[in-house]
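**Q** Got a sequence here, can you model it:
(one chain, ligands or ions: 1)
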Amino acid sequence: MHNKFYLMKIILSLMKGFAVLGVLHFQCRASRLPFDASNLAMTYTALTSLLILGDDLSRVDKSAIINAMKYLQKDDGSFTQTYQGMESDMRFVYCACAISYMLNDFSGINIDKVVQYIKESQSYDYGIGQGPGLESHGGSTFCAIASLYLLNKLDEGLLSKDKTIFWLISRQESGFQGRANKPPDTCYSFWIGASLMVCFSYLLIIVYIIPFLCLFIVNYSYYKLKILDSFEFIDYDQNYNFLMTTRSFGGFSKWPGSYPDVMHTYMGVAGLSLMEESKKLDPALNISLKARKNLLKCVFKSE
Ligand SMILES: [Zn+2]
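**A** Sure, this is the predicted structure:
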């Protein structure tokens, strides 16, 4: 317990630097600052870490983060991770959307530009790349779909939901690959699995649950559809067996026969969590349902 509060204190002290420096850096372009510039990806991980640790985010300077974020969006709708950063792509679009969602404030984002950027990043095969004209990729497809979901723009942003779902489903060999003609890799159990879950859960609400509420006694099939696993088109056993072949020394590796690493261990566990009947993971924010419950209670003031 003592370690938990010590960790919270470290994260909050770092966030104070991130949030304020995000604004300061804009005002003092030429100055050398004593700390690193604020960083979207680090802000996302700091907020999720605080939620996982049970923090209520009351000590986070929310307006400083939202204001700093305004300087990170480019004209094409994408985000850089730091002020005047060299890279801008779908990863940081996702970070901006997830941060805004967790802080319950989207005023730091030009939403129309984000939606347009995601539309333009959809490829001929309806997978989504890191940016316009780039190859469809499981990671960037997750970032785009989760961003649209958090913005409540899934219908508007996906050119063809069915074709994107088909692209996602087609990534399964035994486990999931990130791109066509690549070998399966542990982490895509999450990137592809979470994308499918976001797409399907949205479809289930629109297509099945609302009619179900109207017709639940008359038509039993709606009930059946509602309770179907979101992974009805996925071969769960094959993916499970693949993941087990990448397990060694207590963790998961990228491929069978490789050494495990922290990222693929987390993604392997996250992928399994999505496919378990209990579904202990929020696919759009990539946090546990326990952490999400904490977010709903503390930020959205609902149980
Ligand atoms: Zn990987």
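**Q** give me every residue that touches residue 176.
**A** Each residue near residue 176 by CB atoms under 8 Å, 6 or more residues apart in numbering is listed here: 138, 184-185, 188-189, 191-193, 239. Placement of C-beta: from N, CA and C, glycine included.
**Q** which of these tops the neighbour count?
**A** Neighbour counts for these (other CB atoms under 10 Å) peak at residue 189, which has 31 neighbours.
**Q** Now name the helix or strand holding it.
**A** Counting by DSSP states H and E, the element that carries residue 189 is helix 188-203.
**Q** next one: residue 49
**A** helix 40-52.
**Q** swap in residue 284?
**A** With DSSP H and E as criterion, residue 284 is part of no helix or strand.
**Q** Buried residues in the helix or strand residue 291 falls within, which are they?
**A** Element membership for residue 291, per DSSP H and E: helix 289-298. By 16 or more other CB atoms under 10 Å, the buried positions in helix 289-298 come out as 291-292, 294-295.
**Q** Closest one of those residues to the ion?
**A** residue 291 (22.9 Å; CB to the ion).
**Q** Who are the contact partners of the closest one?
**A** So residue 291 contacts 48, 51-52, 282 (CB under 8 Å, 6+ apart).
**Q** just the buried members of those?
**A** So, by 16+ other CB under 10 Å, the buried ones in the contacts of residue 291 are 48, 51, 282.
**Q** Go through these and name the one nearest residue 88.
**A** residue 48 (21.8 Å; CB to CB).
**Q** leaving aside the residues next to it on the chain, what's closest to the closest one?
**A** residue 287 (5.2 Å; CB to CB, 6 or more residues apart in numbering).
**Q** Near the one you found, how many other residues are there?
**A** 22.
**Q** And it, how far from the ion?
**A** Noted for residue 287: a distance of 20 Å to the ion, by CB to the ion, to the nearest Å.
**Q** what is the mean pLDDT for the helix holding residue 291?
**A** Here helix 289-298 scores 92 as its mean pLDDT.
**Q** isn't residue 158 right up against residue 122?
**A** Yes - counting by CB atoms under 8 Å, residue 158 touches residue 122, with 7.4 Å between them.
**Q** where do the contact lists of the two overlap?
**A** residue 164.
**Q** Ramachandran angles for the closest residue to the ion within the chain?
**A** Distances between the chain and the ion by CB to the ion are smallest at residue 187, namely 3.3 Å. As for residue 187, its main-chain torsions (degrees, to the nearest 10) stand at phi -70, psi -20.
**Q** go on, residue 185?
**A** Dihedral angles (degrees, to the nearest 10) for residue 185: phi -140, psi 140.
**Q** which residues sit in contact with residue 94?
**A** Contacts of residue 94 (CB under 8 Å, 6+ apart): 142-144, 146-147.
**Q** Which positions within stretch 97-116 qualify as buried?
**A** So for stretch 97-116, counting by 16+ other CB under 10 Å, buried means 97-103, 105-106, 108-111, 113-115.
**Q** Return the closest of the residues you listed with respect to residue 67.
**A** residue 108 (6.8 Å).
**Q** part of a helix, is that closest one?
**A** No - Residue 108: not assigned to a helix; according to DSSP: H, G, I helix; E, B strand; the rest coil it is coil.
**Q** Isn't it up against residue 66?
**A** Yes - counting by CB under 8 Å, residue 66 is a contact partner of residue 108 at 4.0 Å.
**Q** Identify the contacts common to the two.
**A** Common neighbours of residue 108 and residue 66 (CB under 8 Å, 6+ apart) are residue 100.
**Q** How about residue 274: what's its closest non-neighbour residue?
**A** residue 193 (4.5 Å).
**Q** Surely that neighbour touches residue 275?
**A** Yes - using CB under 8 Å, residue 193 is in contact with residue 275, at 6.6 Å.
**Q** quick check: angle from the helix or strand encompassing residue 139 to helix 188-203?
**A** Per DSSP H and E: residue 139 is located in helix 138-151. Relative orientation of helix 138-151 versus helix 188-203 (axes from the mean of the first three to the mean of the last three CA atoms, to 10 degrees): 30 degrees.
**Q** quick thing: my sequence starts at 584, can you match it?
**A** Okay, residue one is now 584; in that scheme the one you just asked about reads as helix 721-734.
**Q** Which helix or strand lies directly C-terminal to helix 721-734?
**A** Downstream of helix 721-734 (by DSSP H and E), the next one is helix 737-740.
**Q** mean confidence for that next one?
**A** 93.
**Q** cool, and stretch 688-696?
**A** Here the average pLDDT along stretch 688-696 is 97.
**Q** do the same with stretch 767-780
**A** 93.
**Q** In the stretch 734-883 of the chain, what residue spans correspond to helices?
**A** 737-740, 744-752, 771-786, 793-798, 803-810, 819-828, 845-858, 872-881 (DSSP state H, counting those that start in this stretch).
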